[in-house]
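**Student:** Here is my input, please return the structure:
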Amino acid sequence: MIQTLCIRKMWVSLLLGVVFTQAALGQDSLKSGLRFSSHEVIKDLRTSMNLTPEEPMLFPQGFSLAFDVNFRPGDGHYGNIFRVIGNDQVNIDFVSNLASPSSNFWLVLKDQILFSYTWNDIPEGEFGEWMKIKIGVDTERGIISASLNGNYQEKKVTDIQELHEFRIQFGICKYKSFLNSDVSPMTLKELQVFNSQGELFRHWKLAKHAQQRVYDEVTYAEAEVQNPNWEIDSHIHWKSRNQFQFTNLLGVVKDEQHGQVYFVDDRFVYRYTVDSARVDTLVVAGGQPFSCQGNQMIYHPYLNEIWSYNFDHTQLSRFSFQTNTWSLNEPECAEPDLWHHNRWISPQDSSLVTFGGYGHYTYKSTIHRLNVEGWKPDSAHLQQEIPPRYLSAAGWLGNHHMLIFGGYGSKSGRQEVAPQFYGDLYQLDTRNNAVEKLWEMDASEPPFVPCEYLLPDETGSSFYTLLYNSTNFETSLHLAKFGIATPEKRVFADSIPYKFLDTNSWATFFLKPQPAELIALTVHDSEVQVHSLAYPPLFKEEVYQEEPPQQAGAPYWLILLLLSGAGVTGYMLFRKRRRRSTVAETVAASAPQKEIITEPDHLLPEPPTTPVHKKSAIYLVGGFQVFDQEGEDITTDFTPTLKQLFLLILLTALKNEKGIVSSQLKDTLWFDKSATSARNNLNVNMSKLRGILDRVGHMELQHDHTYWNITLGPEVYCDYQCSRTLMRQLNSADSLTPPQISQLIEIASRGDLCPGLQLEWMDSFKADFANDITDALSSLPQRKPDINDDHHLLLNIAECMLKFDTLNEDAIAMKCSALYSLGKKGLAKHSYDMFSKEYKQVLGENYPVSFNELLHSLYSHTSAPLGPNRG
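**Tutor:** Sure, this is the predicted structure:
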């Protein structure tokens, strides 16, 4: 009786701790900051943040720069924190050497150290702690100042009074003669710029962000970021923490409160601490756990014991951490009759409670109870309330209630009679086993089951669990959030690879406190994978900043109105000037052109911002963009590595119709890894890629033991594949129809292949695409003579060619001819002049064909206008 009272008190304390801990893990615990890759990576992969990517900031009287910074040990010590460049001539650098025994931080003007700090000079300054830094540049008084956690220094200097334009770059600096590749191992947040009056000018929180840039909170000013590591992304991307291989794994149990996991075999208990990745090996001094399959173990959180149980045995085998012994020595265990059941510790009497399971072709819906004295006889059969099932999830809701969700089973309990996926949620009163059905949803399309655990959020209105498709061996775990009162379901984007082979696999997760993380455990045979996700998990729209309104461009109606107005104005001026002129305009006229240019040099319309195909679509030309089969933009699901992996396989497969071998993938993407590490990286990323492609639909990632290949079904639109098909058709005997010609031009008008990816292995694909497109477009007038009278079409063809080759002589000839034939003689001459100017700049010689010679040459041919023959 006394033991029961003590246990209940400890249970109440534990529950209160869980409630208050989880309540504290809300939005205030979101990670933020930009982590700079430093000497732990090669120079090409180090981080830079440019606050002035376009124009310098103008501060006639000076400015100040304030930010929070956190330095980490072990990733190198020396490097730039930031570099300010005044008037493109004077550098002001803040530099660190974190391990130096003398000075650790310097503020440098040109080549002069103004002042320095040691760690001891900085109040509460140390590795891993946030420090507040403020640097002031007072050009009016000629003073530069610094404050590190309140330790203030200033110095009168010369040579800064004339400075008024300032460029600011953190980490790597790539500006002109101020190049620097040494980066301090740091994390920044709350970056602010003030003018000389102390007014806030810019504020980058460095929390939410865009792809390769981040916008400030004051004017939405853009800062350009290369090789970023955003701390907030740990709330949307699972991180692989550890992988373990055992020879005779009998059970995996989790200790949520201490952030620990125990791996149990017949001779050892391994204690894994997630935060430190430390593994302590406890040698079993006596006794044994039951050698049951199906992970029939649980950690007792307030008795601090591991319980091993056998449904066919009346007693527990309890592991004591004081003596490192098991209480029983009867390892025999029959084949389980309750595979994949749910288990928890009761708040009433600290007993172990189980629900459901599967065995011997039968699904169960029974509650079993077991305490230190053995199994209780009061089992509850809930088949009328909850259809028999296994692979369901259960979690403590509070106030004596458990939630039971989903699974796979049948109403009769018999495997052969109409088994189905369940998407229903029940509330179980643990005092009397009363059941209330809260809601039901379809779980069959696509099919899913949850892992064995669910976690209510801090509000008690929703719960989290991990979902996977149990019909596949190679599957993925997706974190999902469900409403408790209503059947609302949202699935988070990232996933964890999971090999599911029914009785050989098991998965769970738990919430680890401080730092708050979801820890996911997957078990297949004797291999255990550990992944983590910062808590609370976030959806991508909660992490990514919206593009600024001005980036979207002016509305088309406004552009057309402005162009129309400009055209009318130009036409009226042109007619007025023509009335005053008595000189006839001829092709051979030697007088310089006086026509006012009122239209843009490049007349080809910009590609539409909203792609025509928005379901199961892949866009590579002009930029990388992917839509799933529901029409949702899932581009951000592709991490940099996944994007490269996807493109390597797809582009190679489309080129050689075979695909790419694993060794090429590993040599390209993980050249700096060991063979084992590269293989593991490849396997993990292949699983993630397969999950994303499943969302696109009608795509298959295949491996024939030699080549990796991606096949696209007819329902999938890929602009790159479409352009290759059209070009092959053009080069064959088949002729393109006018709609097909328009489609090819529309694709080509977007520009290069994946222009945002500047990678060495991509160069050959980009060059081939540019050459093929240019050749195809230049051959159109010969292969389709009927288009030679369509000068608007010829103009568009020429513009596309010039996008890929600005010195293409065939293209400029075609463009000038089309403009001249359309009556835009001034634009024709202007285009020629711009081409000649660039020709001179690039090749160092004058373009040898005059404008008049070019037109004479063009009009002497009856075929489509091509480049002049130089004889």
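
**Student:** Can you tell me how far the residue nearest to the spatial centre of the chain is from Cys451?
**Tutor:** When C-alpha atoms, centre = their mean is applied to the chain, the residue found nearest the centroid is Thr639 (4.2 Å). From Thr639 across to Cys451, the span is 23 Å (C-beta to C-beta, to the nearest Å). Placement of C-beta: from N, CA and C, glycine included.

**Student:** sorry, back to before: list the contacts for the residue nearest to the centre of the chain?
**Tutor:** Thr639 sits next to His237 when contact means C-beta atoms under 8 Å, 6 or more residues apart in numbering.

**Student:** That one and Ile236, how far apart?
**Tutor:** Using C-beta to C-beta, Thr639 is found at 10 Å from Ile236.

**Student:** Equivalent analysis for Lys31, please.
**Tutor:** To Ile236, Lys31 is 11 Å away according to C-beta to C-beta.

**Student:** likewise Cys451?
**Tutor:** Cys451 sits 19 Å away from Ile236 when distances are taken as C-beta to C-beta.

**Student:** My guess is Cys816 contacts Glu853. True?
**Tutor:** No. With contacts counted by C-beta atoms under 8 Å, Cys816 stays clear of Glu853, the gap being 11.4 Å.

**Student:** For these two, indicate the residue with more neighbours.
**Tutor:** A direct count of neighbours by other C-beta atoms under 10 Å for Cys816 and Glu853 places Cys816 higher, at 26 against 12.

**Student:** Check what pLDDT that one gets.
**Tutor:** Reported pLDDT at Cys816 in the predicted model: 89.

**Student:** now do Gly26
**Tutor:** 50.

**Student:** So, low pLDDT: which residues of this protein?
**Tutor:** 1-28, 377-378, 548-612, 733-734, 856-871 (pLDDT under 70).

**Student:** Spell out which residues make up each domain of it.
**Tutor:** Listed by automatic domain parsing, the domain ranges of the chain are 38-142+155-226, 335-542, 554-580, 630-714, 718-859.

**Student:** Format those domains as JSON lines; extra columns: distance to Tyr309.
**Tutor:** Output for those, formatted as JSON lines (distance: least, C-beta to C-beta, whole Å):
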{"stretch": "domain 38-142+155-226", "distance to Tyr309": "42"}
{"stretch": "domain 335-542", "distance to Tyr309": "6"}
{"stretch": "domain 554-580", "distance to Tyr309": "68"}
{"stretch": "domain 630-714", "distance to Tyr309": "33"}
{"stretch": "domain 718-859", "distance to Tyr309": "54"}
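
**Student:** among those, which is nearest Arg241?
**Tutor:** Of all these, it is domain 335-542 that lies closest to Arg241, at 4.3 Å by C-beta to C-beta.

**Student:** what's the offset of the closest one from the middle of its chain?
**Tutor:** Centre-to-centre, domain 335-542 and its host chain are 28 Å apart (C-alpha atoms, centre = their mean, to the nearest Å).

**Student:** and that domain, how far apart are its ends?
**Tutor:** 47 Å (C-alpha to C-alpha, to the nearest Å).

**Student:** Stretch 77-95 now?
**Tutor:** End-to-end span of stretch 77-95 (C-alpha to C-alpha): 10 Å.

**Student:** Can you give the strand pairings for the helix or strand encompassing Glu224, parallel or anti for each?
**Tutor:** Element membership for Glu224 (DSSP states H and E) is strand 222-226. Taking DSSP bridges as the criterion, strand 222-226 forms sheet pairs with strand 48-50 (antiparallel), strand 213-215 (antiparallel).

**Student:** contacts for that strand?
**Tutor:** Residues outside strand 222-226 that contact it (C-beta under 8 Å, 6+ apart) are 34, 47-51, 53-54, 172, 204, 209, 212-216, 548.

**Student:** One more pass at 6 Å, please.
**Tutor:** Ser48, Met49, Asn50, Leu51, Pro53, Trp204, Gln212, Arg213, Val214, Tyr215 (C-beta atoms under 6 Å, 6 or more residues apart in numbering).

**Student:** now that strand, how far from the centre of its chain.
**Tutor:** 16 Å.

**Student:** Buried ones in that strand, by neighbour count?
**Tutor:** Across strand 222-226, burial judged by 16 or more other C-beta atoms under 10 Å covers Glu222, Ala223, Val225, Gln226.

**Student:** need those residues in JSON lines with distance to Gly76, can you?
**Tutor:** Converted to JSON lines, the buried residues of strand 222-226 look like this (distance: C-beta to C-beta, whole Å):
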{"residue": "Glu222", "distance to Gly76": "29"}
{"residue": "Ala223", "distance to Gly76": "24"}
{"residue": "Val225", "distance to Gly76": "20"}
{"residue": "Gln226", "distance to Gly76": "18"}
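
**Student:** correct me, but Ile172 touches Leu45?
**Tutor:** No. Ile172 is beyond contact range of Leu45, at 10.1 Å (criterion: C-beta atoms under 6 Å).

**Student:** neighbour-wise, which of these two wins?
**Tutor:** Ranked by neighbour count (other C-beta under 10 Å), Ile172 and Leu45 place Ile172 first, with 25 against 11.

**Student:** contacting residues around the more buried one?
**Tutor:** Counting by C-beta under 6 Å, 6+ apart, Ile172 touches Arg46, Ser48, Ser181, Val183.

**Student:** before we move on, what about Asp805?
**Tutor:** Shown in contact with Asp805 (C-beta under 6 Å, 6+ apart): Thr774.

**Student:** Look up how far Ile747 lies from it.
**Tutor:** Counting by C-beta to C-beta, the gap from Asp805 to Ile747 is 17 Å.

**Student:** Repeat that for His341.
**Tutor:** Between His341 and Ile747 the computed distance is 55 Å (C-beta to C-beta).

**Student:** Settle it for me: which of those two has more neighbours?
**Tutor:** More crowded of His341 and Ile747, by other C-beta under 10 Å: His341, with 26 against 21.

**Student:** Grab the nearest non-local neighbour of that one.
**Tutor:** Of all residues not flanking His341 in the chain, Gly357 sits nearest, at 3.4 Å (C-beta to C-beta, 6 or more residues apart in numbering).

**Student:** ok, now Glu140?
**Tutor:** The shortest distance from Glu140 to any non-neighbouring residue, by C-beta to C-beta, 6+ apart, is to Gln61 (4.4 Å).

**Student:** for the one you found, what are its contacts?
**Tutor:** Thr139, Glu140, Ser196.

**Student:** who wins for neighbours among those residues?
**Tutor:** Highest count within the contacts of Gln61 by other C-beta under 10 Å belongs to Thr139, 21 neighbours.

**Student:** what about that one, distance to Pro60?
**Tutor:** Applying C-beta to C-beta, the value for Thr139 to Pro60 is 7 Å.

**Student:** For the helix or strand harbouring Ser663, buried residues please.
**Tutor:** Ser663 belongs to helix 662-669 when assigned by DSSP H and E. Residues Ser662, Gln664, Leu665, Lys666, Leu669 are the ones in helix 662-669 that count as buried (16+ other C-beta under 10 Å).
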